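Participant: what's the 3D shape of this:
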Amino acid sequence: MLVTTAAVEPSPASGGGLGGGERLDAPFVSPAQPGDAAYVIYTSGSTGEPKGVVVEHRAIVNRLEWMRTHYRIDASDRILQKTPATFDVSVWEFFLPLITGAVLDVAPPEAHRDPVALARLIRARGITTLHFVPSMLAAFLATPDAYGLAVRQVFCSGEALDAELRDRFHRSVRAELHNLYGPTEAAVDVSFWPACADDTSRPVPIGFPVWNTQLYVLDARMRPLPPGVVGDLYLGGVQLARGYLGRDDLTAERFIADPYRPGGRLYRTGDLARWRDDGAVEFLGRSDHQVKLRGLRIELGEIEAAIVASGQAAQAAVIVREDRAGDRRLVGYLQPVAADAFDAEALRTAVAAQVPDYMVPAAFVALATWPVTANGKLDRDALPAPAFDAGAFVAPRTPTEAAVAELFAQALGVARVGGDGDFFALGGDSLSAVHLLLAIQRRFGRDPGLGALFATPTVAGIAALLDADEATPDHGLGPTIALARGDAALARAPLFVVHPAGGIAWCYRELARALRPRRDVHGLQSPALDLAQPLPGSIDALADDYARRVAALQPTGPLHLLGWSVGGILAQAMAVRLRALGREVGVLALLDAYPSECWRAEPEPDAVDALRALLAIAGYDPDRHPELRSREAIVEFLRRGDSALGNLPGHVLDGVVRAVVDTNRLVRLHHHTRYDGTLLHVRAGLDHVDRPQLQSVLWQAHAARVEAVELPFRHGELTGRDATAAIAPLLDARLAAFDPNP
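Facilitator: As a prediction, this is how the structure comes out:
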C-alpha cells in the first residue's frame with residue numbers, strides 16, 4: 001500500500017476568523033498577514049524555542065469540520081477546555097464549541113495538573129468531551145475520584161497511547177476513547193483510531209487519516225513500504241502548513257515535494273511507523289528517540305513497551321543517564337500497578353524476554369507521580385537519578401574471576417563487571433571480543449578462543465576455562481557453533497543459520513540475540529575451514545551433511561533454516577534434503593541469496609580474488625581498496641582495522657581462504673531441486689545496480705511459493721545491527737507460527 005487517503009468531504013465555509021488565546025507576549029493563533037487566509041500557530045522545538053507554523057484557514061476548518069462530523073459533536077455536548085493555550089491541542093478545544101453550538105467550559109488555571117480537581121469538575125459540570133495527554137491520563141486514572149466517571153468521549157494525543165493504558169481506561173471510565181495523532185505542522189491531528197473497550201491492538205495504532213489527508217510510510221529512498229516493515233512517516237494533504245514563519249531553511253528541510261502526487265507536498269514527521277494489514281498505521285517512536293550506547297542502536301520506546309507488557313507497570317519511561325562522567329546507563333522509570341511496590345528481578349526477567357540483553361535497563365525506579373511540562377507531557381529531564389542497588393552486583397568469587405572481570409570492563413569501557421557479567425549482554429561485539437581475547441592472552445598466556453567466548457560469554461565461564469588450563473583454544477571454527485540460547489523449558493524449535501562463502505557463521509550473532517522470544521540459534525560452518533578435512537564434492541553433498549547434522553541436533557519438530565548470500569543457496573538445498581528425509585521444514589529464509597544459475601558464467605576467482613573476498617566478509621568494500629593485492633597487505637589491513645578475521649592465527653585464516661575458493665566453485669556447479677514449501681526472500685534494496693536482474697522472483701522456479709521482502713540496505717549490511725532490527729521481527733512472526741502454545 002502506497003498511501004491511505006481519507007474520503008474527500010466538503011468543508012463548509014467557516015464564519016469569521018480565528019483569534020484569541022495567548023502565548024506569553026505572542027498570540028498563540030494569529031493571522032499570518034493582514035487579510036491573509038492563514039494563521040500562525042506557535043509551537044516549541046526540541047530545544048524549547050517557539051516556532052511559528054503558518055497554517056492555512058482551510059486546514060483548520062478541515063480539521064474542525066471533520067471532528068464535528070465524525071464524532072457527532074453538537075449543541076448537547078459540553079467540551080472541557082483545560083489544555084494550556086500554549087499547547088496546540090487547545091485549538092480544537094477553543095473553536096469546536098463555537099462551530100457546533102456546544103458549551104465551552106473553561107477549567108480554572110492549573111486544573112490540568114490536578115487529577116482530583118479534574119475528576120470533581122467533570123462530574124460537577126456534566127462534561128461530555130475532553131482531551132488528555134497519555135501521561136496525564138495515566139495520572140488521572142490513578143486517582144480513585146476518576147473511577148466510575150461517565151462521559152461521551154475522551155481524546156488522547158500528544159504522546160503515544162499504550163495498550164495497557166487503554167485497557168485501564170476502560171476498566172475505570174465509561175466513555176469512548178479515541179487515539180489521535182498529528183503535529184502542529186499538519187494542523188494538529190491527521191489520523192484517528194477508535195481505542196474502544198474491545199480493541200486488542202498492541203501497539204495501539206494511530207489509525208487512519210482524516211478528511212483530505214494522506215499518510216505515507218517510506219524507506220530511505222522515498223519508496224513505499226509494505227505492511228509490517230518499519231519506515232519513516234510522511235504526511236500530505238490540505239492540512240499541511242505552508243511552513244515555518246521566517247525559517248525558509250527549516251521549511252525546505254521538512255516540507256518536500258510529493259513524489260507520488262505532482263504539485264503536492266509532504267511533511268517529514270521524523271516518526272517511525274509501519275502499515276498494518278487492515279490499512280491502519282502504527283506509530284513506533286521518534287527516529288531521533290533512538291540512542292547509541294556502547295556502539296549499539298537502542299530504541300527507547302521498545303524498552304518502555306516491554307516494561308508495561310510485564311504487567312508490573314501502568315506507565316514507563318526509559319532514558320540514558322550519565323550521572324558519573326563516562327558512565328552511561330539505561331534507566332527505566334515506572335508507575336507500579338501495585339502502589340509503589342514492584343519485583344525488580346521479575347521485571348528484569350520479563351523485559352529481558354522481550355528485548356536484547358543490551359537493552360535491559362541497569363536500574364528501575366518506581367515513581368508515584370511523574371514530572372510533567374506545562375503542556376502536561378512527561379518531563380524527561382526532571383526524572384530522578386537512580387540509587388543503583390549495590391546488592392545486585394555479584395562480586396567475582398576467585399582471583400581468576402576478578403582478573404577476567406577487570407579485562408571485561410576494560411574491553412567494554414565500563415566501570416566494573418560482576419562475576420555473572422555477560423560480555424555480549426553488556427554491549428560486546430566480535431571486534432571488542434578480539435581485544436578481550438588478546439588481553440586475556442597477555443594476562444594469562446592462554447587464549448580460550450572466540451568460540452569459547454561465544455559459548456560461555458560470562459566472567460565466571462571464561463574464568464572456569466582458564467582455571468581448567470584448556471590447552472587448545474576454540475577459535476569458533478567447528479562444524480556447529482552456538483550463537484544464542486533460549487529457554488529449554490519452552491521447547492521452541494531452534495533456528496539453524498548457514499555460513500556464507502567464508503565458511504564462518506559468526507556474522508549471525510547479532511540476529512541470533514535479537515530474536516524475540518529467545519530461542520537456540522546454531523551456526524553451521526564449512527568443513528573446508530579444517531585444512532585436514534577433504535573438500536566437499538558438491539553443494540548437495542554439503543547440504544546432505546548439514547541436513548543430517550541439524551536433524552541430529554533437533555530430532556523432532558520443525559527445522560528452521562536461514563542463510564545469507566551463499567548460505568541461502570545451501571539453506572534451500574538443505575530444505576530439499578530434509579524433506580527427502582521425511583522431516584518438517586518450518587521457516588526457510590534467504591537473505592539476499594540468488595540461485596546458482598545466476599553465477600554459472602562468472603569466472604572462477606584466483607587466489608588474489610579469494611583473499612580480497614576476505615575484505616567483504618570482514619565488512620569492507622573491496623572496490624574501495626584496489627591497492628590490497630597480496631595476502632600480507634590484506635591481513636595487515638584487517639589487523640589494523642581490528643577485524644576479528646585479521647586476528648585469527650595464520651593456519652585458521654588459510655582455512656577461511658580455502659572455504660571461499662571452494663564454495664564459489666561448488667555454487668557454479670550446482671543445479672537446484674525444487675523445494676515444495678514456502679521460501680522467504682529478503683532482497684537488499686540498495687544494492688545490485690549493476691545486476692538489476694537479481695530479484696526475489698528468480699526463486700519461483702525453485703520453491704512452491706516465494707514470499708518477497710525488500711529492505712533499504714546493501715548486501716553486506718544484512719547481518720548488521722540496523723538490518724537486523726528490521727529482519728528479526730519478520731522472522732519472529734514466522735517462527736512463532738510453529739511454536740507450541742504457551
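Participant: helix, strand or coil: sort out residue 266 for me.
Facilitator: Assigned by DSSP: H, G, I helix; E, B strand; the rest coil, the conformation of residue 266 is strand.
Participant: spatially nearest residue to it, not counting backbone neighbours?
Facilitator: Take residue 266 and drop its neighbours on the chain: the residue closest to it by CB to CB, 6 or more residues apart in numbering is residue 234, 4.4 Å away. Yep, even glycine has a C-beta here, placed from its N, CA and C like the rest.
Participant: now do that neighbour, the pLDDT please.
Facilitator: Note for residue 234: predicted pLDDT of 96.
Participant: got it, and residue 640?
Facilitator: 68.
Participant: what confidence value was assigned to the spatially closest residue to residue 227 that is not a sequence neighbour?
Facilitator: Excluding its sequence neighbours, the residue lying closest to residue 227 (CB to CB, 6+ apart) is residue 275, at 4.2 Å. Predicted confidence (pLDDT) for residue 275: 94.
Participant: run a quick neighbour tally on residue 275.
Facilitator: 23 (other CB atoms under 10 Å).
Participant: can you give me phi and psi for it?
Facilitator: Reported as degrees, to the nearest 10, the phi and psi values for residue 275 are phi -80, psi 150.
Participant: which residues does the helix or strand containing residue 436 contact?
Facilitator: According to DSSP states H and E, residue 436 maps onto helix 430-444. Applying CB atoms under 8 Å, 6 or more residues apart in numbering, the contact partners of helix 430-444 are 403-404, 407-408, 410-412, 423, 428, 446-450, 453, 462, 466, 506, 509, 642-644, 647.
Participant: verify the stated contact: residue 539 with residue 577.
Facilitator: No. Under the criterion of CB atoms under 8 Å, residue 539 is not in contact with residue 577, lying 10.4 Å apart.
Participant: thinking again about what came up before, who is the residue nearest to residue 227 paired with across the strands?
Facilitator: residue 281 (DSSP bridges).
Participant: contacts only, for it.
Facilitator: By CB under 8 Å, 6+ apart, the neighbours of residue 275 are 1, 217, 225, 226, 227, 228, 229, 281, 282.
Participant: which residue, other than its chain neighbours, is closest to the third one?
Facilitator: Leaving aside its sequence neighbours, residue 225 sits nearest to residue 231 (CB to CB, 6+ apart; 4.3 Å).
Participant: would you list the phi and psi of that neighbour?
Facilitator: phi -150, psi -170.
Participant: ok, so what distance separates it from residue 356?
Facilitator: Distance of residue 231 to residue 356, computed by CB to CB, to the nearest Å: 21 Å.
Participant: one more: residue 72?
Facilitator: Residue 72 is 46 Å from residue 356, by CB to CB.
Participant: if I look at the residue most central in space within the chain, what pLDDT would I see?
Facilitator: Residue closest to the average C-alpha location in the chain (CA atoms, centre = their mean): residue 725, at 5.3 Å. In this prediction, residue 725 carries a pLDDT score of 79.
Participant: tell me which element it falls in.
Facilitator: Per DSSP H and E: helix 721-736 holds residue 725.
Participant: could I get the buried residue list for that helix?
Facilitator: Across helix 721-736, burial judged by 16 or more other CB atoms under 10 Å covers 721, 723, 724, 725, 726, 727, 728, 729, 730, 731, 734, 735.
Participant: how about the CA coordinates for it, as CSV?
Facilitator: C-alpha atoms of helix 721-736 as CSV (Å, rounded to 0.1, in the frame of the first residue of the first chain):
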residue,chain,number,x,y,z
ARG,A,721,22.6,-4.1,13.6
ASP,A,722,20.4,-1.8,11.6
ALA,A,723,19.2,-4.5,9.1
THR,A,724,18.8,-7.0,12.0
ALA,A,725,16.4,-4.6,13.7
ALA,A,726,14.1,-4.9,10.6
ILE,A,727,14.7,-8.6,9.8
ALA,A,728,14.3,-10.0,13.4
PRO,A,729,10.6,-9.1,13.7
LEU,A,730,9.9,-10.6,10.3
LEU,A,731,11.5,-13.9,11.5
ASP,A,732,9.8,-13.7,14.9
ALA,A,733,6.4,-13.6,13.4
ARG,A,734,7.0,-16.6,11.1
LEU,A,735,8.8,-18.7,13.7
ALA,A,736,6.0,-18.1,16.2
